[in-house]
Each structure stands twice: as structure tokens, then as C-alpha cells.
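Engineer: Build me a model from this:
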Amino acid sequence: MNNTLKKLIPYAFVGVISGGTTFGAIHYFSDKNSDSEFSYFAPKNNDAKYASFNMTGVGDDFVKASKMTVPAVVSIKNYSNRTSARSEQDMFDLFFGNPFGNNQKQQQQQPKDMPTGMGSGVIISPDGYIISNNHVVAGASKLEVVLSNKKSYVANLVGTDPTTDIALLKIEEKGLPYLNFANSDNVEVGQWVLAVGNPMGLNSTVTAGIVSAKGRSIDLLSQQSRTPIESFIQTDAAINPGNSGGALVNPNGELIGINSAISSKTGYYEGYGFAVPANLARKVVEDIKKFGLVQRGFLGVKSLDLSDTRQVSIYNQQNKTNIKSGDGVYLIEVVDKGGAEAAGLRPGDIITKVDETAVSNYYDLAFAVGSKRPGDKVAVTYLRNGKINTVNVTLRDEKGGTSFRSKADLTVTEKIGADFEPLSERFKTDYGLNSGVVAKNVQSGSEMSKIGVVDNYIVIEINGKPVNSQKDVEKILQGYTGNVQVKYVDEYGRITTRGFKMP
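Structural biologist: Predicted coordinates:
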């Protein structure tokens with residue numbers, strides 16, 4: 001028993017020290033006029049020592065992992081021309097807050113040679129592929145990557161996936177240090193982890209903690225995707241603004257997650273950090289590298305999360321039903337010619353498991369299915385009339401196909417990242433418009449998003465031609481490869497014209 005305690009004490013010490021270091025950094029940045037210079041953490045007597053701690057035990061587990069990880073974690077600077085009143089970063093203010101007190105006006109007045117956002121990334125191959133978060137690179141006109149040795153590169157954005165908040169970048173270099181993905185399914189609650197990134201401009205910062213939970217959903221990505229996939233690894237390793245896109249590693253220095261968000265009322269670390277699991281992140285970047293876009297399988301259903309009692313109550317009131325809340329996902333509708341319909345699933349069935357993954361809520365189902373590709377088969381266990389059944393379902397893409405798609409297969413609206421609904425004639429008359437469509441389902445990081453268009457903005461012209469339907473948009477841009485000029489009206493009634501190059 002005494003030997004066990006002696007082994008555990010160093011780990012506890014490291015957790016306290018890493019948490020204390022982060023707190024000290026926060027204090028420093030929130031009060032730059034202070035003369036303390038972290039003096040409340042640094043004893044004036046340099047000979048002072050902590051008794052009864054075997055630092056060799058700590059070094060054996062964390063120093064090696066840190067030496068492996070730090071050179072492979074980079075700083076990412078986002079230079080954006082965004083002038084819209086809204087930003088994709090706004091959604092992460094819900095978790096990170098706005099710690100530096102910047103308002104939108106201040107951001108717009110920022111010099112053009114200054115980054116509008118900063119985050120982290122992880123080198124995953126010696127030839128310069130870097131994984132990060134979608135929200136770190138969103139809206140960028142230029143991305144600068146700075147290595148731990150201070151060498152700087154302009155990065156190419158290979159692709160993004162708002163559904164998982166993952167982005168893939170590339171710099172032109174060889175022989176770079178990199179991290180290997182670990183099997184995140186093997187991660188255990190309670191195991192030690194290190195978070196490595198660049199919080200608040202403090203480059204190459206390492207903090208230690210444990211895995212607090214797995215499969216955590218925080219309803220964050222639904223704000224940037226219609227089909228969010230959330231199954232975060234939760235950790236108490238200190239994570240702060242700037243850590244986004246950085247590495248969560250095990251004591252062997254293997255990449256088990258990509259740090260993405262914190263849950264905080266202040267905008268700073270309060271004990272809850274969240275990382276995208278390595279298995280999901282790896283699948284996303286493999287798809288982007290090979291196909292140019294993520295290959296995602298769908299069951300072909302519309303569902304109700306039975307674990308969400310409020311959602312169930314609202315559904316019952318609206319539909320005069322008496323569905324009971326609990327674990328599982330209730331099928332409201334089965335899409336025509338989808339995989340679920342072909343396998344015999346029906347409205348009213350309750351999905352409880354996919355393969356070996358228990359489905360307690362919508363996010364369990366989204367993760368189990370969304371981490372697969374079209375054409376993959378999954379075993380779906382469901383309840384029907386109180387009886388448990390299992391059926392094999394062949395997953396399909398959103399268009400109902402089972403084969404992989406390339407960028408060339410995308411529709412116009414998929415390429416530019418938005419759908420469009422027609423305006424009523426009365427609306428046009430009331431607001432003095434001769435044409436217009438309403439932007440819907442604008443994807444984070446898409447071409448429309450980059451020029452400042454968000455949901456409910458009104459697009460009145462594309463390339464100088466009036467648009468009144470989605471078909472008009474598709475007709476103008478089908479097969480077009482040049483620069484696109486979009487004239488739109490924002491929520492304040494301001495008319496803006498901005499452009500992008502057709503993907």
C-alpha cells in the first residue's frame with residue numbers, strides 16, 4: 001500500500017503544478033499592470049525544495065512524452081478578411097468566452113498584417129500534413145504555421161469537416177517531427193494524459209491530467225453542422241484559448257485526441273476540456289487526403305433523442321403522442337430508398353445499439369454511424385413492440401448512394417456550402433427587392449461562409465445575374481470555374497458584394 005502511494009504522489013504533484021501554471025498565466029494576461037511576474041508561484045529562495053517527492057518517477061512518465069510531442073505541435077495564425085457582423089468563432093465564445101475583451105469593432109480595425117485568430121495544430125506526417133480544428137482555420141484568407149523551433153510557413157488548407165470540427169493543412173517541408181495516432185477506443189477513464197498547445201500565446205505549453213470521461217456530447221457542433229458528430233474525450237488537463245487543435249497524448253507520446261473546447265463561464269480553464277478522439281480524427285483526415293472530402297455514411301432516418309426529456313415533451317405536445325423518454329433513439333421517419341428502409345426499419349422503432357456501441361442518445365448514434373463510410377454495413381439493434389431485433393444495414397451517403405464521391409461529384413450548392421430558399425413576392429415588394437433567395441444551412445468554412453454569408457442572409461445576385469431560386473444559383477455556377485461575385489443583404493439591411501473562386 002505504501003509503495004502504491006509513493007508511486008501516485010508524483011502524478012498528483014504534476015497535476016497540481018500544471019494547473020497552477022495555467023492559473024498563473026491567466027492572472028498575468030488578465031492584469032498586465034501587475035508587478036508580480038508570477039512571484040506567488042516562484043519561491044524567492046532558490047534553494048527551497050518540496051520534500052518527499054521522487055521527481056525521477058514523474059520524469060519517467062512525462063518528460064519523454066513531452067520531448068516527443070512538443071516538436072510536433074505547431075502554432076497556427078489565422079489571417080482573415082472577415083468584415084461580417086458575425087463570425088464562426090462566435091459559437092466557441094460560448095465555451096471559451098471572450099477573455100481578451102475584444103469586440104467586433106476592435107477586430108475589424110485590427111491591422112491587416114495581424115492575425116485575427118490563433119490556435120494550435122499537430123504534425124501527423126514528416127512531409128508536412130497538419131491536423132487542427134475547423135474553427136481555428138475558419139474564414140482564413142491566409143494561414144501561417146509556426147513550428148516549435150520558430151520556423152514559419154504559409155500553409156495550404158487541404159480540407160475541413162465542420163461535422164467533427166477537424167481541418168487538414170499542408171506545409172511544404174520534409175523530415176518534420178510528427179505524432180502517430182493511437183487507438184482511442186483503448187483509452188480508459190482515469191488514465192494520465194498530456195495536453196500540448198499554445199494557450200494565450202504561450203508557445204509549447206504542456207499540462208497534465210487524467211481522462212475524466214469518454215463519449216461526451218456537449219451540443220457544440222450543432223451550431224456549425226446539420227449532422228454533428230460529438231463523442232469527445234473529456235479531460236481535466238488544463239486547456240485554454242489557443243489550445244484548440246493541439247495534441248492530447250498518452251504517456252507514450254501517442255496522439256489520442258485533438259483538443260477542441262472547454263466548458264467555462266469565464267472563458268478560461270475550469271476543469272473541463274474536450275478532445276476529438278483520434279480514431280474519428282484519423283478517419284476524417286484520411287478521407288480528405290484521398291478524396292478531397294469526408295465520406296460519411298447515413299442510416300437514412302429522422303429521429304427523436306429519447307434521452308432528451310424536453311425534446312420528447314415538445315414532440316408529444318406537437319404530435320399528440322405519448323412517447324416515453326429514456327435511453328435510445330426513436331425513429332420518426334424512415335427516408336425513401338435509404339439504407340434503413342431497405343433493411344426493414346420502420347417509424348416507431350427504437351435503436352439501442354449499433355454494432356457493439358450502445359446507443360443511449362442521438363450523439364451515440366451519430367458517432368457510431370458517422371464514423372463509417374457509404375457502403376459499410378452495420379448491425380443495428382432495435383426495439384419494436386417490446387421485442388429486441390437486430391438487422392444489418394448498408395449505409396448510404398446523403399444522396400442515397402453507396403459508392404465514394406469526389407469533389408467532382410458534388411452539386412453546386414455542396415461546393416459553395418449553402419442551400420437557398422425563394423423569397424415570397426410580398427417580401428420582395430415590402431423591402432424593395434427585385435430578386436433574392438434566403439441562404440440556409442450555410443456550412444462553417446464554406447465559400448459562402450468565408451465571404452460573410454450566414455443563415456437568413458438574402459442573396460440577390462450572383463455574377464451580376466438575379467437569383468430567385470436554388471435552380472437559378474445552380475444554373476449560373478454549374479461548370480463555372482472562375483471568380484464568383486455574390487451580392488447579398490445582411491441582417492442590418494446592408495448590401496454587400498464579395499467574391500470567391502469557385503472550387
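Engineer: Not counting sequence-adjacent ones, nearest residue to residue 274?
Structural biologist: Spatially, and ignoring its direct neighbours in sequence, residue 274 is nearest to residue 232 (3.9 Å; Cβ to Cβ, 6 or more residues apart in numbering). All C-beta atoms are positioned from the backbone trio N, CA, C, and that covers glycine.
Engineer: what ranges do the helices span in the protein?
Structural biologist: For the chain, the helices defined by DSSP state H cover 2-30, 55-69, 90-96, 104-108, 134-137, 278-291, 309-319, 339-343, 362-370, 412-416, 425-430, 447-450, 470-477.
Engineer: thinking again about what came up before, so what's the residue nearest to residue 274 up against?
Structural biologist: Contacts for residue 232 (Cβ atoms under 8 Å, 6 or more residues apart in numbering) come out as 215, 216, 217, 218, 257, 260, 261, 274, 275, 276, 277.
Engineer: now, among these, which is nearest to residue 478?
Structural biologist: If you rank the contacts of residue 232 by distance to residue 478 using Cβ to Cβ, residue 276 comes first, at 34.8 Å.
Engineer: is it true that that closest one touches residue 258?
Structural biologist: Yes: between residue 276 and residue 258 a contact is recorded at 4.6 Å, counting by Cβ atoms under 8 Å.
Engineer: Now for the two: what residues contact both?
Structural biologist: Common neighbours of residue 276 and residue 258 are listed as 133, 166 (criterion: Cβ under 8 Å, 6+ apart).
Engineer: When those two are compared, which one has more neighbours?
Structural biologist: residue 258 (33 against 27; other Cβ atoms under 10 Å).
Engineer: Tell me where the model's unsure across the chain.
Structural biologist: Within the chain, the stretches falling below the threshold (pLDDT under 70) are 1-60, 81-113, 219-226, 263-270, 444-445.
Engineer: what about 50?
Structural biologist: By pLDDT under 50, the low-scoring segments of the chain are 1, 4-59, 83-109.
Engineer: So for it, the centremost residue is which one?
Structural biologist: The centre of the chain sits closest to residue 165, judged by Cα atoms, centre = their mean, with a distance of 1.9 Å.
Engineer: quick one: that residue and residue 257 touch, right?
Structural biologist: No: with contact defined as Cβ under 8 Å, residue 165 does not count as touching residue 257 (11.9 Å).
Engineer: what is in contact with those two at once?
Structural biologist: Contacts common to residue 165 and residue 257, judged by Cβ under 8 Å, 6+ apart, are residue 276.
Engineer: count of neighbours near residue 470?
Structural biologist: With other Cβ under 10 Å as criterion, residue 470 counts 18.
Engineer: what does residue 212 give?
Structural biologist: Neighbours around residue 212, by other Cβ under 10 Å: 18.
Engineer: quick one, what contacts it?
Structural biologist: Counted by Cβ under 8 Å, 6+ apart, residue 212 has contacts 189, 234, 235, 236, 272.
Engineer: Run through the residues that contact the fourth one.
Structural biologist: Going back to what we said before, that points to residue 236. Contacts of residue 236 (Cβ under 8 Å, 6+ apart): 15, 209, 210, 212, 271, 272, 273.
Engineer: Double-check the last one against residue 246; I have them as touching.
Structural biologist: Yep, that's residue 273 we're talking about. No: with contact defined as Cβ under 8 Å, residue 273 does not reach residue 246; the gap is 10.3 Å.
Engineer: So for these two, which residues contact both of them?
Structural biologist: With Cβ under 8 Å, 6+ apart as the test, residue 273 and residue 246 both reach 195, 239, 259.
Engineer: from those residues, which ones fall inside strands?
Structural biologist: 195, 259 (DSSP state E).
Engineer: Now distance to residue 501 too, for the shared contacts of residue 273 and residue 246, in TSV please.
Structural biologist: Shown next, in TSV, are those (distance: Cβ to Cβ, whole Å):
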residue	distance to residue 501
195	37
239	35
259	32
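Engineer: So which of the contacts of residue 232 belong to strands?
Structural biologist: Counting by DSSP E, those contribute 215, 216, 257, 260, 261, 274, 275, 276, 277 to strands.
Engineer: about what we covered before: including distance to residue 63, could the contacts of residue 232 go into JSON lines?
Structural biologist: Output for the contacts of residue 232, formatted as JSON lines (distance: Cβ to Cβ, whole Å):
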{"residue": "215", "distance to residue 63": "31"}
{"residue": "216", "distance to residue 63": "29"}
{"residue": "217", "distance to residue 63": "34"}
{"residue": "218", "distance to residue 63": "32"}
{"residue": "257", "distance to residue 63": "21"}
{"residue": "260", "distance to residue 63": "26"}
{"residue": "261", "distance to residue 63": "28"}
{"residue": "274", "distance to residue 63": "26"}
{"residue": "275", "distance to residue 63": "22"}
{"residue": "276", "distance to residue 63": "26"}
{"residue": "277", "distance to residue 63": "26"}
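Engineer: Of the residues you listed - the most surrounded one?
Structural biologist: That'd be residue 260 among the contacts of residue 232, by other Cβ under 10 Å, with 33 neighbours.
Engineer: so it touches residue 277, yeah?
Structural biologist: No: here residue 260 lies out of contact with residue 277, judged by Cβ under 8 Å, at a distance of 10.6 Å.
Engineer: Now residue 132: closest residue in space, sequence neighbours ignored.
Structural biologist: residue 245 (3.4 Å).
Engineer: what about the one you found, neighbour count?
Structural biologist: Counted with other Cβ under 10 Å, residue 245 comes out at 32.
Engineer: what's across from residue 331 in the sheet?
Structural biologist: For residue 331, the beta-bridge partners under DSSP bridges are residue 303.
Engineer: Number of residues surrounding it?
Structural biologist: 21.
Engineer: Residue 243 now?
Structural biologist: 33.
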